[in-house]
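Participant: sequence isn't available, so here's the structure alone:
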């Protein structure tokens with residue numbers, strides 16, 4: 001993750017590809033990285049949002065935080081975020097929804 005973060009925008013396609021990895025930690029790290037790259041990752045909000053249905057709640061949490069960082073680009077996925085309130089991290093999803101308009 002640190003190595004990709006150092007690449008900046010160039011890391012975006014690599015991080016997007018890692019969202020499909022079999023390992024939970026890899027998917028979670030890829031989501032976190034995309035959140036930190038905010039504007040550069042914004043065009044990939046839909047790909048990121050697909051992981052809101054991940055089997056792992058930690059991955060879903062990381063995706064919610066990343067989508068919040070993407071702001072308006074993630075707004076079309078507000079309903080998907082709202083559906084996660086049943087999860088253990090309902091406060092994270094609430095914060096993410098509030099951040100979508102920023």
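Facilitator: Structure received. Bear in mind that the values here come from a model prediction, so they are computed numbers and not experimental data.

Participant: when you work out contacts or count neighbours from here on, use the C-alpha atoms and nothing else.
Facilitator: Fine.

Participant: closest to the centroid, which residue in this structure?
Facilitator: Centrality entry for the chain: nearest residue to the mean C-alpha point is residue 63, 2.8 Å, by Cα atoms, centre = their mean.

Participant: please identify the helix or strand for residue 29.
Facilitator: According to DSSP states H and E, residue 29 maps onto helix 24-36.

Participant: same check, this time on residue 70
Facilitator: Assigned by DSSP H and E, residue 70 belongs to helix 57-70.

Participant: moving C-terminal of that helix, what's the next helix or strand?
Facilitator: helix 78-82.

Participant: and that next one, what's buried?
Facilitator: By 16 or more other Cα atoms under 10 Å, the buried positions in helix 78-82 come out as 78, 80-81.

Participant: so who does residue 58 touch?
Facilitator: Under the criterion of Cα atoms under 8 Å, 6 or more residues apart in numbering, the contact partners of residue 58 comprise residue 28.

Participant: quick revisit: pull up the gap between the residue nearest to the centre of the chain and residue 16, please.
Facilitator: Computed as Cα to Cα, to the nearest Å, the residue 63 to residue 16 distance reads 12 Å.
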